[in-house]
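1. here is the input, now give the coordinates:
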Amino acid sequence: RLTQTALLLLALAAPAANADKGKNVLDIKTEITDSSIVFPESYETDTRKMLEGWYMKNYTATDDRYKRQGDVQTDDATIRERLAKLPTLIEMPYNQIVRSYIDRYTQRGRAQVAALLGLNLYYMPIFEQALEQNGLPLELKYLPVIESGLDPNAVSKHGASGLWQFMIGTAKGMGLEVSSLVDERRDPYASSAKAAQYLKDLFATYGDWPLAIAAYNCGPGTVNKALRRAGGDSKNLDFWAIYYYLPEETRGYLPMFIAANYVMNYYPHHNISPVLPTKPLVTDTLMISDRVHFDQISHVLNIPMEELRILNPQFRADIIPGTPERPYTLVLPSQQCHAYLMSEGDILAYEAEKYARRIEVSPGTRPGTALAAQIARQAKVLDGESNFAVVFAAIGITFEESEFFVQEFRRTGAIDRTVLFTNLA
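-> Prediction:
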């Protein structure tokens, strides 16, 4: 009976398999469907927190059109045409899966898009610079949109962190520092430089951007395994040909990337207002070779703590652990860099004892030592236990409390206060 059932299933599947073999790559990428869409963790970002963040409040302005007006109904042909017009090196095909992610942004994720557009003003120049220096397509700047929602402090359920969502092992392997005080995965400049380098290496491996992007998400080993399972000549296989051999999360990664490119360019067509800068945030950097707390900088230079954290998210505990051998980069508004240099002594001196790191410590005194010293000061002669009772009574010590000293007296065999209290100390 099992054999008959299996033969029947094979017979039913044969026409579909033969039909797929008859399709070319172009057919697959435009006609592929998937009923089990997996949305990334970045879609669940706390949008309200993003919109009310310090940078958005102080450097950007927009309206609430995304709340007052709904999405504009747009047919497939229009979206397909818009994607085709994007000035990108990486191919942006349209299919039902891409449409699902676009709808997620333009319908349920409208507030998130508004927040992303605001943060885009600060982060995109950093991403573009890193990509340009490595000769990479600039549209890759939208990968952090789907990786972290442009939150440098984002941490995934798997432990990946930062704008580009590096795992600790990958980050350290690429030379990024990860410790209790410093996490360079969260540094927009350092992490963007390493992400561009990693993407460049992946493209050199596959010679195909969609496969390189997939490998960035799930690792080259998983992509290589999918290529082997798909069969045929791997040189003729692309992301869409191995789609169903990839993990569910990775299947949605390239469609999300395409959707992010779409929505970050065509948001006005979906009743989402542009976010405009109200004033420029021009920054500069300093090399800090002393241990400094953000609160010291904030107090002396009158810079909000939140601004210091936004500009320097890599310092996890608000501490810059600089040393002459290992200085760290501090990002400040450009007009404050000169003020820092002029006030460096005041900054380091502000509540220095509170923020100082102890280099050497000694154990505390033994229990009762302070009380013993008080007894020693009041007792003129201690040549026997009878004198203890007199002294204890004089300074209000109970009989139970005095037992400790009596026992010490007996244990040490002290016959005068000098020997006794030297032992007690």
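
2. okay, CA-based contacts and neighbour counts for the rest of this
-> Will do.

3. which residues of the stretch 151-300 of the chain score low on pLDDT?
-> Counting by pLDDT under 70, the stretch 151-300 of the chain contains no low-confidence residues.

4. quick one: the helices in it?
-> Here the stretch 151-300 of the chain has its helices, by DSSP state H, counting those that start in this stretch, at 168-173, 188-206, 209-218, 220-230, 248-251, 253-266, 294-301.

5. of all these, which lies closest to residue 155?
-> Closest approach to residue 155 among the helices of the stretch 151-300 of the chain (C-alpha to C-alpha): helix 168-173, 11.2 Å.

6. starting at the chain centroid, how far to the closest one?
-> Helix 168-173 sits 14 Å away from the centroid of its parent chain (C-alpha atoms, centre = their mean, to the nearest Å).

7. what's the answer for stretch 158-166, then?
-> Relative to the centre of its chain, stretch 158-166 is centred 6 Å away, using C-alpha atoms, centre = their mean.

8. let's have the helices of the stretch 151-300 of the chain in CSV, adding distance to residue 96 and mean neighbour count.
-> As requested, the helices of the stretch 151-300 of the chain are exported to CSV (distance: least, C-alpha to C-alpha, whole Å; neighbours: other C-alpha atoms under 10 Å):
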stretch, distance to residue 96, mean neighbour count
helix 168-173, 33, 14
helix 188-206, 26, 19
helix 209-218, 17, 21
helix 220-230, 22, 17
helix 248-251, 13, 19
helix 253-266, 9, 22
helix 294-301, 48, 18
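
9. list the buried residues in the longest helix seen in the chain.
-> Taking DSSP state H as the criterion, the chain has its longest helix at helix 110-133. By neighbour count with 16 or more other C-alpha atoms under 10 Å, helix 110-133 contains the buried residues 110-124, 126-131.

10. got the helices of the stretch 151-300 of the chain as CSV, with distance to residue 334 columns?
-> Output for those, formatted as CSV (distance: least, C-alpha to C-alpha, whole Å):
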stretch, distance to residue 334
helix 168-173, 29
helix 188-206, 16
helix 209-218, 34
helix 220-230, 41
helix 248-251, 40
helix 253-266, 29
helix 294-301, 13
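
11. got the contact list for residue 281?
-> Counting by C-alpha atoms under 8 Å, 6 or more residues apart in numbering, residue 281 makes contact with 59, 122, 333.

12. at 10 Å what do you get?
-> 55, 58-59, 121-122, 332-334 (C-alpha atoms under 10 Å, 6 or more residues apart in numbering).

13. please enumerate the strands of the chain.
-> Under the criterion DSSP state E, strands of the chain are mapped to 60-61, 276-277, 283-288, 291-293, 319-321, 328-333.

14. so what are the sheet partners of the third one and their directions?
-> Yep, that's strand 283-288 we're talking about. Sheet pairing of strand 283-288 (DSSP bridges) gives strand 328-333 (antiparallel).

15. ok, now how distant is residue 53 from residue 151?
-> 11 Å (C-alpha to C-alpha, to the nearest Å).

16. joint contacts of these two?
-> 119, 310.

17. neighbour count winner among the two?
-> More crowded of residue 53 and residue 151, by other C-alpha atoms under 10 Å: residue 151, with 24 against 15.

18. next, the nearest residue to that one once chain neighbours are set aside: phi, psi?
-> In space, and not counting its chain neighbours, residue 151 is closest to residue 163: 5.9 Å by C-alpha to C-alpha, 6 or more residues apart in numbering. Phi and psi for residue 163, reported as degrees, to the nearest 10, are phi -60, psi -40.

19. I'd assumed residue 155 was in contact with residue 163.
-> Yes. Using C-alpha atoms under 10 Å, residue 163 makes contact with residue 155 at a distance of 9.3 Å.

20. quick one, which of those two is more surrounded?
-> residue 163 (27 against 19).

21. please name the residues that touch the more buried one.
-> Contacts of residue 163 (C-alpha under 10 Å, 6+ apart): 123, 143-155, 185-188, 191-192, 195.

22. could you find the closest non-adjacent residue to residue 246?
-> residue 226 (5.9 Å).

23. now that neighbour: how far from residue 198?
-> Residue 226 sits 20 Å away from residue 198, taking C-alpha to C-alpha as the criterion.

24. who touches residue 276 in this structure?
-> 59-63, 117-118, 121.

25. identify the bridge partners of it.
-> Under the criterion used (DSSP bridges), residue 276 bridges to residue 61.

26. understood, closing this out.
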